[in-house]
Each structure stands twice: as C-alpha cells, then as structure tokens.
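> Got a predicted model here, sequence first, then my questions.
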Number of protein chains: 4
Amino acid sequence: VKKAMKAGKVRASTNIVSTISDDRGDEPTYACIPMSEMIANDYGVGDVISLLWFKRPLPKYATKFIEMCLVIAADHGPCVSGAHNTIVCARAGKDLVSCVASGLLTIGPRFGGAIDDAARDFKKACDLNMAPDEFVETMKRQGKRIAGIGHRIKTLENPDKRVELLIQFADRNFPATRYKDYALTVQTYTLTKANNLILNVDGCIGALFCDMLTSSSCFTDEEIDEVLDVGTMNGLFILARTIGLVGHALDQKRLKQPLYRHPWDDVLYAEEQINRE
Amino acid sequence: VKKAMKAGKVRASTNIVSTISDDRGDEPTYACIPMSEMIANDYGVGDVISLLWFKRPLPKYATKFIEMCLVIAADHGPCVSGAHNTIVCARAGKDLVSCVASGLLTIGPRFGGAIDDAARDFKKACDLNMAPDEFVETMKRQGKRIAGIGHRIKTLENPDKRVELLIQFADRNFPATRYKDYALTVQTYTLTKANNLILNVDGCIGALFCDMLTSSSCFTDEEIDEVLDVGTMNGLFILARTIGLVGHALDQKRLKQPLYRHPWDDVLYAEEQINRE
Amino acid sequence: VKKAMKAGKVRASTNIVSTISDDRGDEPTYACIPMSEMIANDYGVGDVISLLWFKRPLPKYATKFIEMCLVIAADHGPCVSGAHNTIVCARAGKDLVSCVASGLLTIGPRFGGAIDDAARDFKKACDLNMAPDEFVETMKRQGKRIAGIGHRIKTLENPDKRVELLIQFADRNFPATRYKDYALTVQTYTLTKANNLILNVDGCIGALFCDMLTSSSCFTDEEIDEVLDVGTMNGLFILARTIGLVGHALDQKRLKQPLYRHPWDDVLYAEEQINRE
Amino acid sequence: VKKAMKAGKVRASTNIVSTISDDRGDEPTYACIPMSEMIANDYGVGDVISLLWFKRPLPKYATKFIEMCLVIAADHGPCVSGAHNTIVCARAGKDLVSCVASGLLTIGPRFGGAIDDAARDFKKACDLNMAPDEFVETMKRQGKRIAGIGHRIKTLENPDKRVELLIQFADRNFPATRYKDYALTVQTYTLTKANNLILNVDGCIGALFCDMLTSSSCFTDEEIDEVLDVGTMNGLFILARTIGLVGHALDQKRLKQPLYRHPWDDVLYAEEQINRE
Ligand SMILES: CC(C)(COP(=O)(O)OP(=O)(O)OC[C@H]1O[C@@H](n2cnc3c(N)ncnc32)[C@H](O)[C@@H]1OP(=O)(O)O)[C@@H](O)C(=O)NCCC(=O)NCCS
Ligand SMILES: CC(C)(COP(=O)(O)OP(=O)(O)OC[C@H]1O[C@@H](n2cnc3c(N)ncnc32)[C@H](O)[C@@H]1OP(=O)(O)O)[C@@H](O)C(=O)NCCC(=O)NCCS
Ligand SMILES: CC(C)(COP(=O)(O)OP(=O)(O)OC[C@H]1O[C@@H](n2cnc3c(N)ncnc32)[C@H](O)[C@@H]1OP(=O)(O)O)[C@@H](O)C(=O)NCCC(=O)NCCS
Ligand SMILES: CC(C)(COP(=O)(O)OP(=O)(O)OC[C@H]1O[C@@H](n2cnc3c(N)ncnc32)[C@H](O)[C@@H]1OP(=O)(O)O)[C@@H](O)C(=O)NCCC(=O)NCCS
C-alpha cells in the first residue's frame, strides 16, 4: 500500500488509512480472516497477535514462542515502577483503566526496554559479522552496558532455568537460531570477565525474537527491520505487563487498601539547602 | 489475609501489601508458582491470568475460555473510540506506550462496558429466579436496555456464528451453563418482540464468564461476587483490546501517516449561536 | 444549542459539535473573542478559564478567586499520590507528558476530590435550609465525614491562615457569601465536638466557589447545577495540580535520579499465607 | 544539592529526593515560601510557576510573560489532536481526568513541539553567532524547516497581531531581547524567499522565552541550558493546553454528546489490497 500510495496509484481521499482489521461486515475480520473462522480453527492469543501486528499468520512455533514471552514478562512483583504506580493509583480509588494506564506510562528506556535494546544490538552486531569480543569491547568503549547480559544472582554454575527452557524450546522448534547462537558466543566472552555476566532472560528473548522473524521465511529483510523499528517488541512487553498491572490493581481493590502516601521520612527535602547554598 | 488483618493477626507494619506475585527470589513467582515451573509445564496466557488475577490455577476449559474471550475482544476495527484515539496519537508521532494509553482511556461505560453489565445483570436476575419476561419488563420500566441483547444485523434466522461457537464450546466443556441458559431464555422472550433482539456476543461472553466462575468449584459465592465487583471482566476487555491498540499504533507507524487533524467541515462550531441566543 | 438541537432547529449534519473556541480564522477565538483582543486587553489565566470553561467573561473578583485556587492547589509536596507517581515515572526516564499523565490519573475520590464534595454538600444543605446541626447529624447517621471539615493540626486557637485570607478576600470582593457563611455555621457546630473540626481550606474553596457562581449573576440556577454536575471544580484541581506535577518531573530530571524501585522490606508479600489458609 | 550529593556531603539515605516543595509543616511551602505568604502577597499563577519550576521568584515582567504564554497556548480549537482525543474520550462517558490525559498524550514532536524547537534552534544559532542566511541555508541543507517560521495565511503585509503584541510587551518590559532580535533578522532573510515566511507565534514565544531566562539575571548559563534541556517549555505547553482540554471535555459533557464512532467512509480499509499484492 505504502508503495502504491507513493506511486499515486491508491489515492487516499479518506482521512484515515488502516490495514489490520475490518469491522464493516457483520463480524470483524483480522487481516481478512473472519472471527468465526478464528474461533472455529481454535486460534489462540499468539495467532491473533500474528494477524493484528504482523498482518499474516505465523507458524505454530512462532505463536507458541510469542505466548511464552507473554507468560515470562507478565509480571515482576509489586516493587517495579509499573506495578508500583498501578498500586498507588488503585489505592487512590481510581477505575481499572486509569490504574493500568498510570502504570503502563512508566514503561520505557529504564523499565522494560532491555528486550528491545538486546534484540537490536545482537542483530546488528551479528549481521555485521562482528566477533563477540569486538562487539563487547566496542560497547565498552562507548561506555554502554550490553543489554541482555548480566544477572545479579545467576551465574554459569547457577544458571537461570527460564533461559535454559527458552533455548531448549527454540532448539527443538525453530528452523534456525542464528542470533541466539551469536548471543551465546557473546556470553562465552563476557563470562571470561565475570561469572555473572550470563545471557539473561531479556537478552535471550530479544535474540530469539530476531530468530523467529528471520527463520520463519514470512518476512523480507526490509519487513524485519520495519518490525524492529516500529517497536513491536515494546508492544509485546506492554501487552504482557498489562496482565500483571490488571492483577495488581484487582489485588489492591480486593484488599481494600487505603490511599497511599509515601512516608515523609523516606524523602530528603532538599529545598532549604539549595536556598542556603 | 483481609480477615486476618481485620482480626489484627497479621499486622501490616509495611506500607504496601501484595498477594499475587513475588520477585524477591532469583526468579519471579506468580501465586507461589516459580516461572521456570510455568514454562516447563507449558503454561499459556490463560494460565497466567488465572494465577495473577484469581490467585489459583483454573481448569483447562476455563483458561481456554479466557483465551477465546481475548481473541474475540482483541480488536473491532479502526473506527471505535479506543482504536481511533490510538491512531490519532500514533500520527502525532508519539511512542507506543502513549498511543496505547490514549486509546485505553476511552474504555468505560459506553465502550467495552457491555460485557460487565451483561454479566452482572444476567447473574443477578438468574440468582433471584426472575422469570425472563419479568426481568425484561422490569428493565424496560426502568428505561434501561438489556446489555448483551440485540444486534444491528444479526437475527434469529441469520445468527452470529461466534455466539454459536462459544455456546458449542461451553456445552461441550463447561460442567454447567446455568447463566448462559438463563440468557437464552431471555433471548427467547425478546425475540417475540423483534427478531434482531438476539443474545449478542457481549451478552454471551458475560453469561459464560459467570458460568465459568460458578461451575469451576474454585470459588466461594463470596469470592465470585468479589471477582465481579472489582471489575475482572473489565480487565479482560482492557487486556484483549490492548492487542488491537498495539496493532493499530504499529500499523500507523508502518504507514508513516502524518499528523491527524479533524476536518473543519465535520465540526459544527456553535459558539456564535450561543452568544446570540 | 442543546435546546435548539432537541427541537430540531439546529441539525448536526456534522459528527462533532463544539462551542468553546474556533480555530478557523487566522487567529483562534475563545468564546468568540479573538486572541489578539485578549492579549491587548491583558487577559490573564482566570479570564481564559472563564471563556473556555464558562463560555463568558466573569467579573474581576471571580477570575482573581479562580487564580487564588490555582495557587493554593498547585502542589502539596512529593508524598501525595499524584506527585509520587509523576516522580516514579520521571525516574523511569519517561517524557514530561507521560510523567504528568501518570500522576494526574491518581486524581479522584480520595485524592483531590474533597473540594467538589464540599461544594456539592454545602450547597445542597444550604439550599435545603438545613440547620447546621441537622446537616452534621444527618451525615453522621449516614456514616459519612463532612468533606471540608477537620484538620490534623489546625484548631480554633491555631487557625489556618490560608482560610482566613480566602475569607477576607471574599468578604471584601464577593457580592455575597451565602455558602461560605453557611459553612462557617457548620464549623461553629462541629467545633462544639472537637476543636480541630474547623472549616479547612478545601471546604472553604468549595463553598466560595458556589458563592462565586451564584453571586456573579452570570449564571441561571440551571447553569450553576450544570457547572457543578460536569465537574468543573475537578477541572480546577486537575489544572492546578498540573503545575506541581510538571514541577516534580522537571525536578527529578534536573537531579538525574535513577530508576525507582520500591524497597522490598516495605512490602508484605502475603501470597503464601493465602495459599496456606 | 547535585554537586553536594556527588561530593558525598549530602547522603541520600532516603529513597526519594525532592527540592521544590514541602508539605510537612502545617501549611505547604513552594521553594521555602509558605502558602499563606503567597496569598497575602497576591501571588499569581506566574509566580507559582516560578517557584515550582525554577525554584526562585522571577521578576514581574517574567511572570507576566509566562501568563501571556498560557493565554496564547490554552486552546486551538476542537480539531487538533489533543482536543480531538479529549472530545472522543468525553463522548465515551469517561471521567474528566481520563479525558484530559487521553488528549495530553498526543502532545509531542508534531503537536505542541514547535515552541521548544524554535527556542533551542534560535538560541543555538544566535549563541554561535551564525549569520541569519547561514542559519537558514544550513537548516535547508539538512532538509529541516525552521520551527517558528512561516504561516499559512499571515504575511508581512497582513501581520499576526499576537506576534506584534508579544514583541511590544517584550520591548517595553524585558531588559534585553537578543534572541527575539535574532529571530527577526532570520525573518528578514526568509521574507526574501516568500512573504509568508514570517516569525510566527510559536517562534516568537520560543525566542522570547530564551530572552526572559537570560535577561533576568536569575540564572547561570548552565542553569539556562538545564531549563531548556529538561523540557520546561514543553511543560508550559502541557499546562496551557490543559486549560483547553478541560474546557473541551466539559463542553462535550454539557452538550451530552453520544459515543463517537469515526465514519466508515472516511477510512481506507487497505487490508485486501495488501494480501492481494
Ligand atoms: C545485572 C547487572 C546489574 C549485574 O551487575 P554487577 O554484577 O553488579 O556488575 P557491576 O555493575 O559491578 O560490573 C562488574 C563489571 O561487569 C561489567 N558489566 C556488568 N554488566 C555488563 C554488561 N551488561 N555488559 C558488559 N559489561 C558488563 C561492568 O562494566 C564491570 O566491569 P569493570 O569491572 O571492568 O568496570 C548488570 O550486568 C547489568 O546491568 N546488566 C544488563 C541489564 C539488563 O539486561 N537488564 C535486563 C533486566 S531488566
Ligand atoms: C443493537 C441495537 C442497537 C439494535 O437496536 P435496533 O434494532 O435499532 O432497535 P431500536 O433501537 O429501534 O429498538 C427497537 C425496539 O427494541 C427494543 N430494544 C432494543 N434493544 C434492546 C435491548 N437490548 N433490550 C431491550 N429492548 C431492546 C427497543 O427498546 C425498542 O422497543 P420499543 O419499540 O418498544 O421502543 C440494540 O439492541 C442495543 O443497543 N443492544 C444492546 C447493546 C449491546 O449489547 N451492545 C453490545 C455491543 S457493544
Ligand atoms: C482531618 C481529619 C483526618 C482529622 O481527624 P481526627 O482529628 O484524627 O479525628 P478522628 O478521625 O479521630 O475523629 C474524631 C471525631 O471527629 C469526627 N470527625 C472527624 N472529621 C469529621 C468530619 N469531617 N466531619 C464530621 N465529623 C468528623 C469523627 O467522626 C470522630 O467522631 P467520634 O469520636 O464521634 O467518632 C478529619 O477531620 C477528616 O478526615 N476531615 C475531612 C477530610 C477533608 O476535608 N479532607 C480535605 C483535605 S484533602
Ligand atoms: C506554515 C507553513 C506550513 C507554510 O508553508 P507554505 O507557505 O505552504 O510553504 P510551502 O510548504 O509551499 O513551502 C514554500 C517554500 O518555503 C519554504 N519554507 C516553508 N516553511 C519554511 C520554514 N519554516 N523554514 C524554512 N523554509 C520554509 C519551503 O521549503 C519551500 O521552499 P522551496 O520552494 O525552496 O522548496 C510552513 O512555513 C511551516 O511548516 N512552518 C513551520 C511550522 C511551524 O512553526 N509551526 C508552528 C505552528 S504549530
């Protein structure tokens, strides 16, 4: 469409162009597939994401992998920014939508962003055929930590089972795992520096997401770049974490928690110091 | 916990209480189940929702039903309030989170609210043993339309396949379908008024959700009321529609659509009339 | 317009109707007043609010009072829900709009809602000619606290200067202060119960807002009810607090604060207790 | 504080640091000034912004200029992204906070961003002593339009009165107007290209904001860069436009407008074309 529009073949006399779904018939369609067909054929959440985000059905292993990502990223306890703001909003007595939105708005570079960064960085380095040590040292020179590498507790000897299970799933089901393999060679190198510099679960998901896109033969190279550019993995994190945020809001409402007020003694009020300076 | 807290047995010396997940160990747990166990046991999105929203695993038919609801409610085209605001926000060049939040915030009584209303109304009427005609006429006297009844196009003769497939799934898999059966008797009565006053897909989901809760034997009556009270079905719609909103935002970004400005000639500027009145 | 539309005189062939401003000419107008006229005539924030929210200019004392409300409600420190969520969002590295939105979403019944409740309750009781003791005891029987009455620290002997200054301003400038006077008689009664049950700043603003609307002779009774119904005072709190939220977000960015994570030891993880019950 | 903290003199044993306001006493303070003092001294909205955003009082001409900016940017009709999303949300029956947040979230690079861009660009070019033609041609080579230059209707012969009034105010009240003067020399050059390439109102505000900061002698150069870096002018637009968004939401509620659905025939549903390609 984009090309056709540029070429002037399709003229958008309308103010809005949309390509993912259609609600004009007597039942909605997602990427031209009517909803009753989806239900009859037992489509799951991964399939619907394929249709609405990628505008095409994806193979079973891909939709299964997407669902595994949703499971893994659904929640990470009440202390992280997103859950915390949702909890504070729920305790202010607000409706569920406001609670979820207040929490979602904290998702960004420092909260939830590691998966995207890992995917983009591993893909770029691998496509450029950078040797793992070259990649790691280049990042170091730029003063950047490698997203997706490192864990506070887990080490080579005490590995993260989730990473093992994801890799096992991919090895058994993906046609190819070029980016994950590359990420593991990066891990081999960083482990020579410290034994907690393992490929963590965010890095593993990021690399496998690239593998899923390339090995499925469903996308051109240009389309894959576009998928990563427009922030599709960010969408995956948003969707996944919405499960947890709804959970936290319902939890607080169930517990009838009162208005949250941050404790005074946990705040350094630094006004006066400033004016005295 | 609530009871224990009221009874003074558990003292919350902490400022925050949370009961759905734990991030303190080296892997997160949802309702005490560690994540690697979830992945090893092939937990899907429905299972995670069971753990995070209901704090217990639910039987297969229930998690499958939850996933069907997500599929059905994931999107309804670009024209509805949620998708529209997300599209406008994406065309203003904003990040994915802002686009999704701008759209989600339109969810409420007039957009997405019919499922909850249908669930609550059918459950209440059925539990009170109201005869279908009594229920319908009482609502009419109160000047209210029955949520979940009526379709612009579909009729008894031209039925909605999605409703048929949902009912078929429930008949084959649910232990009991008391509320759905009740909703169908309501339909029988409303069809005597007009042949488009059928049980629609929102009404069907609402009634079946009540059936899922009661027939699973996983909840006490008190807990079921609590589940409906805190707005769990609203959470289901929020989560489902987030799939579509992410899709619409990605779609606009892919299409590189410019800033949207609503056309002047579609607005009645009624200022002057007012001042002249 | 509403009446004309109901009567079928004005036909909205357009999809949108709007009555507060116009952007079609070469400069925008607010309630038919062109912007260069506003600037030439030295219009301030209170005047613009008059035009955009009330669709008419208001007398000087009214716009001045609106600005005093903005000053008073602009901020209440970093610990309240709104500021806290904005701070958490800023520390997640998000853009200013997201930070402000995340904080605003906590405004509601328990945070910021006291002004509206006070306004509505005092107006209703006063219009019904309820004696102060009757009003107080009726509320008590309903198990409700009176919004706008009571202070943790301030008492009859140690009064709140802000309340004194607001009352002084109104006594000197408002044509009439019927609702504020009523609120003071309520205070006289509640002070017989405890000497901290004074008219607090929220209650004072709420009552004076009603006085401003009625004594200005700019509104019919019907219009005043509409102003309170649609939540205009809530708008005033939203606008005022946006000043503070922007301030807190800028403050955190300036201080380059890192990602906030709520401390684990301030959370009661009550999962296990539940499952053991 | 920042320096002191880096130097290890102030130890933040607390989890939160805040420097703009204090709520611990019996009345809040903004930048150490108690609120009753603000009311007694007739502080207005501009003064409060000075205290909460800049942590210092600013001279009268500066607070007056800030208030002029709020007046000018308060609203721009119902068709722009922000107002439109707020209107759609209000028509979905949502609460005022949700309506405002849904609209605010569209503020960004394409909607509301011109003021910031103009301020930064004019300041940088002027500080570098770039000749106007050099600045314009450099931007052109980079394929960028100059933010703050150009108007669809206004020309040299048919000037924008708002710009004239703003400039007149600054000429009469600002100690110096170096950046505005620079912007006018840029205009002189662009007018040789086309007579509608005038300094527009966004550009005028942006340049004058820089003049306000530098000529007030209240800020070091470092502080001025910080003020522009953290996005203070974006905050000004957010705050100003909140006035308009509240107005539009109240307007729709008053008019009791029903759920908005974008008209089908204004959407190009391009799904099938894609699949057929
Ligand atoms: C998890 C983590 C905090 C562990 O850090 P740690 O063990 O405390 O390590 P330190 O911060 O003390 O750093 C120790 C050394 O390892 C290096 N290092 C740590 N993480 C690194 C990474 N991700 N990439 C490259 N080098 C890294 C440090 O630069 C430091 O090197 P130096 O001693 O030469 O200066 C860290 O690895 C990290 O931030 N990882 C990436 C974050 C990520 O993917 N997060 C996803 C979860 S949201
Ligand atoms: C779908 C719908 C708009 C179709 O309405 P329609 O065929 O145009 O019907 P009309 O509005 O002309 O009403 C025709 C008659 O049916 C009645 N009716 C329509 N929907 C009804 C309902 N849900 N419950 C009870 N009576 C209903 C009307 O009251 C009217 O009765 P009357 O002639 O005695 O006054 C309507 O049924 C409806 O709003 N249904 C509920 C909405 C719902 O569940 N929505 C979920 C999707 S989000
Ligand atoms: C400020 C406040 C917390 C002070 O409460 P306190 O001094 O701790 O008072 P307590 O909660 O111990 O109550 C003492 C008695 O005063 C009564 N009381 C307290 N506030 C009352 C009110 N607003 N209206 C009526 N009675 C009130 C209580 O019911 C109680 O009566 P009882 O002893 O017969 O049961 C309380 O007055 C209040 O909540 N006020 C209204 C809140 C409000 O306007 N907030 C706006 C700021 S956001
Ligand atoms: C207002 C505006 C749309 C008017 O544009 P227009 O008269 O239709 O002009 P065109 O787009 O046809 O451009 C005509 C010529 O002027 C140039 N031009 C237009 N605006 C320019 C600007 N801001 N800076 C530099 N050159 C500009 C164009 O590059 C073009 O040059 P060319 O013929 O050599 O290619 C345009 O000036 C603009 O976008 N201005 C900046 C936007 C801004 O400040 N917006 C703030 C309001 S939110």
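Everything's here; your move. Numbering: from 1, shown residues only, chains lettered A, B, ... in the order given. Ligands and ions are numbered 1, 2, ... in the order given.
> going forward, measure contacts between C-alpha atoms and count neighbours the same way
Fine.
> What residues does the stretch 1-150 of chain A have near chain D?
Within reach of chain D by Cα under 8 Å from any Cα of the partner chain, the stretch 1-150 of chain A has these residues: A:1, A:12-22, A:24, A:31-32, A:98.
> Can you tell me which of those comes closest to ligand 1?
Of all the residues of the stretch 1-150 of chain A next to chain D, A:Ser98 has the smallest distance to ligand 1: 24.7 Å, by Cα to the nearest ligand atom.
> rewinding a little: which ones among the residues of the stretch 1-150 of chain A next to chain D map onto helices?
Among the residues of the stretch 1-150 of chain A next to chain D, the ones falling in helices (DSSP state H) are A:Ser98.
> Intersect the residues of the stretch 1-150 of chain A next to chain D with the contacts of chain B.
With the criterion set as Cα under 8 Å from any Cα, the members of the residues of the stretch 1-150 of chain A next to chain D near chain B are A:15, A:17-22, A:98.
> Does stretch A:40-56 reach chain B?
Yes - against chain B, stretch A:40-56 shows contacts by Cα under 8 Å from any Cα at A:40, A:43-45, A:48-49, A:52-53.
> Chain B contacts on the stretch 151-277 of chain A?
Residues of the stretch 151-277 of chain A lying near chain B by Cα under 8 Å from any Cα: A:153-154, A:160-162, A:165, A:226, A:230-232, A:234-235, A:238-239, A:242-244, A:246-248, A:250-255, A:260.
> rewinding a little: PyMOL command for the buried members of the residues of the stretch 1-150 of chain A next to chain D?
PyMOL command restricting these to the buried ones, with burial defined by 16 or more other Cα atoms under 10 Å in any protein chain shown:
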select buried, chain A and resi 1+16+17+18+19+20+21+22+31+32+98
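> Which of the residues of the stretch 1-150 of chain A next to chain D fall in strands?
If you go by DSSP state E, those have A:16-18, A:21-22 in strands.
> any chance of the residues you listed in JSON lines, with distance to D:Phe174 and pLDDT too?
What follows is these, written out as JSON lines (distance: Cα to Cα, whole Å; pLDDT from 0 to 100):
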{"residue": "A:Ile16", "distance to D:Phe174": "46", "pLDDT": "96"}
{"residue": "A:Val17", "distance to D:Phe174": "48", "pLDDT": "96"}
{"residue": "A:Ser18", "distance to D:Phe174": "50", "pLDDT": "96"}
{"residue": "A:Ser21", "distance to D:Phe174": "56", "pLDDT": "96"}
{"residue": "A:Asp22", "distance to D:Phe174": "57", "pLDDT": "95"}
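> Touching, A:Gly44 and B:Glu67? I think so.
Yes - between A:Gly44 and B:Glu67 there is a contact under Cα atoms under 8 Å: 6.4 Å.
> mind listing the strands for the stretch 1-150 of chain A?
A:16-18, A:21-22, A:29-30, A:33-34 (DSSP state E, counting those that start in this stretch).
> Pull the helix or strand containing A:Tyr179 out as CSV, backbone CA atoms only.
For A:Tyr179, the host element (DSSP states H and E) is helix A:178-191. Provided in CSV are the C-alpha atoms of helix A:178-191 (Å, rounded to 0.1, in the frame of the first residue of the first chain):
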residue,chain,number,x,y,z
ARG,A,178,21.5,-17.7,14.4
TYR,A,179,21.0,-14.7,16.7
LYS,A,180,20.6,-16.8,19.9
ASP,A,181,23.8,-18.7,18.9
TYR,A,182,25.5,-15.3,18.5
ALA,A,183,24.3,-14.1,21.8
LEU,A,184,25.7,-17.3,23.4
THR,A,185,29.1,-16.6,21.9
VAL,A,186,28.9,-13.1,23.4
GLN,A,187,28.1,-14.8,26.7
THR,A,188,31.1,-17.1,26.4
TYR,A,189,33.3,-14.0,26.1
THR,A,190,31.7,-12.0,28.9
LEU,A,191,31.9,-15.0,31.2
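> related to what we said a few turns ago, from the residues of the stretch 1-150 of chain A next to chain D, which single one is nearest A:Asp265?
Nearest to A:Asp265, judged by Cα to Cα, of the residues of the stretch 1-150 of chain A next to chain D is A:Ser98 at 28.3 Å.
> ok, that closest one - contacts?
Neighbouring residues of A:Ser98 by Cα atoms under 8 Å, 6 or more residues apart in numbering or on different chains: A:89, B:105, C:105-106, D:98.
> can you do 6 Å?
C:Leu105 (Cα atoms under 6 Å, 6 or more residues apart in numbering or on different chains).
> There's contact between A:Gln57 and A:Ser50 in this structure, I believe.
Slight slip there: residue A:57 is Pro, not Gln. Yes - using Cα atoms under 6 Å, A:Pro57 is in contact with A:Ser50, at 5.4 Å.
> Would you map the helices across the stretch 51-200 of chain A?
Ranges of helices in the stretch 51-200 of chain A, per DSSP state H, counting those that start in this stretch, are A:60-73, A:81-91, A:96-104, A:114-127, A:132-141, A:161-173, A:178-191.
> the inter-axis angle of the helix ranked longest in chain A versus helix A:96-104?
Secondary structure of chain A read by DSSP H shows that its longest helix is helix A:232-254. Angle between the axes of helix A:232-254 and helix A:96-104 is 130 degrees (criterion: axes from the mean of the first three to the mean of the last three Cα atoms, to 10 degrees).
> ok, residues contacting helix A:232-254?
With Cα under 6 Å, 6+ apart as the test, helix A:232-254 has contacts from A:70, A:73-75, A:83, A:87, A:90, A:100, A:116, B:52-53, B:235, B:246.
> Around chain C, which positions in chain A sit nearby?
A:79-80, A:85, A:89, A:92, A:98, A:102, A:105-106, A:110, A:261-262 (Cα under 6 Å from any Cα of the partner chain).
> What parts of the stretch 151-277 of chain A come near ligand 3?
Within the stretch 151-277 of chain A, no position lies close to ligand 3 (Cα under 6 Å from any ligand atom).
> Closest residue of the stretch 151-277 of chain A to chain C?
Here the stretch 151-277 of chain A gets closest to chain C at one residue, A:His262, 4.6 Å apart by Cα to the nearest Cα.
> give me the number of residues near that residue?
17 (other Cα atoms under 10 Å in any protein chain shown).
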